[in-house]
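A.B. asks: sequence first, then the predicted structure, then my questions.
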Amino acid sequence: MLQAEGGGASAGLFRACAARRAGVLRDLEGPALLPAGQAAPRNYPANRHPFRASSHFLHLVGAALPGAWLLLDGEATLYVPTPGPDDALWHGPVPGPGALAEQLGLAVRPLEALARAVGDRAPATVTAQDAATRSDQGAWARDAEADARLADALIASRLVHDEAAIAELRDAAAATVAAHLAGMGHTAPGRREWAVRAEMEAALGRRGMGTAYGSIVSVHGEVLHNEHHDGVLAAGDLLLADVGAETRTGYAGDVTRTWPVSGRFSPTQRAVYEVVLAAQAAAIDRVAPGVRYRDVHLAAARRLTEGLVDLGILRGDVDGLVEDDVHALFFPHGIGHLLGLDVHDMEDLGDRAGYAPGRTRSGRFGLGYLRLDRDLQPGMAVTIEPGFYQVPALLADDARTARAGDRLVRSALARFSDVRGIRIEDDVLVTATGHEVLTRALPSAPESVEAEVGRCIA
Ligand code: GLY
Ligand code: MN
Ligand code: MN
């Protein structure tokens, strides 16, 4: 991802970062120290996994600078490592503190000066993802209360996106749409899942972007985060692709489409697809300021359940089925999550970001995987991603199916054996009056999806 030079960040983003830093500084009571993180070596130090800076750091600095630390201590100062003698040879020149300061609009000092600036205080921080930085964080004492205050300040700053962040999310959405059109267009029986994945990721690469998470491109859509791509596409399969762009400044797209490999849904596939699509529409319709996200989830659950009752897969009263979590046998995850610099934005902070103060995760099967339970506000971005999955392990789980009893009609379900997994996922921005689907340019109506399949091959 981006380096300080050629990273893709604009002066507007750096100005936005300055305003974000000012906001976080106002919320702090003592010093805070946020690391960019470091690239993990694969097997020796110069052969590294791609570097991806911490999202908190990107939010406040706008540039990915390996090994840098942002000190917030009444004012903001960036501490950057001094390149070693061989660094320019292997990794190219990096801008010095003066050039960086001018580019970022931020005071920049050499890393050697950091320990003295912190002294023997315990600066608040967020535990880094990489082991080397976590070990460096061990050099300072930790103060759990200060860490919690910093986490809350970061959440307040990142929960509602500013204009610069929204522009990035739009870019991520546009590239993600292009990737999915490429995936549909290059699908044909006999191809491998990895060939479709390659076309999708190439569409991102051509825009200077990468992926925001490991791409899921699988005919086994019932494996929710399927990491395998070696399956061969058969004419009767549905292909589920969950692929999202990461912009050069780190913002994520997160979209899923499910399409028929042959270019035509079977009647059973189409019937279930339309139920999932209706559930998605019911959820998106509800997205507006002041609406509790859990109610968006429940609206989708109810619409999905109604559809499954209409298909004969479930029977009984819809509200009762949802209250007893019977729908969760087929839709076991939440309706979505926050989206921003992370695809599951700020989940490194646990439920502190996703759950409003005073709200906690439910122990219910049908609500326990819900990652977000806040009242929506203009400027928040969320995904809306209902699905239908036949997960053999769930359907064979006596404890989970016992509650359904004869409301689960297995003889009817057997007719839908060619529907292993369907998910339809879009990225939605909460606006002052309702919502805007950032990824609306990507078709989801069944006939529109069918029309795209194989288009780049024909
Ligand atoms: N791409 C992961 C998710 O949809 O949550
Ligand atoms: Mn998602
Ligand atoms: Mn996704």
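C.D. replies: Thanks, I have the structure now. Ligands and ions are numbered 1, 2, ... in the order given.

A.B. asks: which residues touch residue 70?
C.D. replies: By Cβ atoms under 8 Å, 6 or more residues apart in numbering, the contact set of residue 70 is 33-36, 57, 60-61, 76-79. Yep, even glycine has a C-beta here, placed from its N, CA and C like the rest.

A.B. asks: skipping adjacent residues, who's closest to it in space?
C.D. replies: Nearest residue to residue 70, sequence neighbours excluded (Cβ to Cβ, 6 or more residues apart in numbering): residue 34, at 4.6 Å.

A.B. asks: what number of residues lie near the one you found?
C.D. replies: Applying other Cβ atoms under 10 Å, we find 26 residues neighbouring residue 34.

A.B. asks: shift numbering so it begins at 58
C.D. replies: New numbering, starting at 58: the last item is residue 91.

A.B. asks: what helix or strand does it sit in?
C.D. replies: strand 89-92 (DSSP states H and E).

A.B. asks: and that strand, what does it pack onto?
C.D. replies: Helices and strands touching strand 89-92, by 3 or more Cβ pairs under 8 Å, 6 or more residues apart in numbering; DSSP states H and E, are helix 112-118, strand 126-129, helix 188-194, helix 201-216.

A.B. asks: compare the ones you listed and give me the one nearest ligand 3.
C.D. replies: helix 112-118 (17.1 Å; Cβ to the ion).

A.B. asks: can you say which of the helices and strands packed on strand 89-92 is packed in most?
C.D. replies: Comparing those by mean neighbour count (mean count of other Cβ atoms under 10 Å), helix 112-118 comes out on top with a mean of 25.

A.B. asks: and that helix, average pLDDT?
C.D. replies: Across helix 112-118, the average pLDDT comes to 98.

A.B. asks: with stretch 146-164 instead?
C.D. replies: For stretch 146-164, the mean confidence score works out to 91.

A.B. asks: go through that stretch and flag the buried ones.
C.D. replies: For stretch 146-164, the neighbour count (16 or more other Cβ atoms under 10 Å) marks 151-152, 157-158, 160-161, 163 as buried.

A.B. asks: and which of those residues is nearest ligand 2?
C.D. replies: Nearest to ligand 2 among these, with distances taken as Cβ to the ion, is residue 161, at 31.0 Å.

A.B. asks: not counting its neighbours along the chain, what's nearest that closest one?
C.D. replies: Leaving out its chain neighbours, the residue that sits closest to residue 161 by Cβ to Cβ, 6+ apart is residue 71, at 5.6 Å.

A.B. asks: before we move on, what about residue 493?
C.D. replies: Residue 493 sits nearest to residue 486 (Cβ to Cβ, 6+ apart), 4.7 Å away.

A.B. asks: lowest average confidence, helix or strand, in this structure?
C.D. replies: Least confident helix or strand, the chain: helix 144-148 with a mean of 84, by mean pLDDT, DSSP states H and E.

A.B. asks: touching that helix from outside, list them.
C.D. replies: Applying Cβ under 8 Å, 6+ apart, the contact partners of helix 144-148 are 103, 151.

A.B. asks: give me the helices and strands touching the very next helix or strand once past it, please.
C.D. replies: Downstream of helix 144-148, the first helix or strand assigned by DSSP H and E is helix 154-161. For helix 154-161, the packing partners by 3+ Cβ pairs under 8 Å, 6+ apart come out as helix 68-84, strand 133-137, strand 164-167.

A.B. asks: quick one, helix 154-161 and strand 133-137 angle?
C.D. replies: 130 degrees (axes from the mean of the first three to the mean of the last three Cα atoms, to 10 degrees).

A.B. asks: quick one: helix 154-161 to helix 68-84, angle?
C.D. replies: Going by the same axes, to 10 degrees, helix 154-161 makes 100 degrees with helix 68-84.

A.B. asks: need the contact list for residue 477.
C.D. replies: 276-279, 295, 446-447.

A.B. asks: hang on, the earlier thing: element containing the residue nearest to residue 493?
C.D. replies: Taking DSSP H and E as the definition, one finds residue 486 inside strand 483-487.

A.B. asks: residues making contact with that strand?
C.D. replies: Outside strand 483-487, the residues touching it (Cβ under 8 Å, 6+ apart) are 218, 223, 226, 229-230, 233, 310-312, 337, 341, 344-346, 396, 433-442, 492-497, 499, 501.
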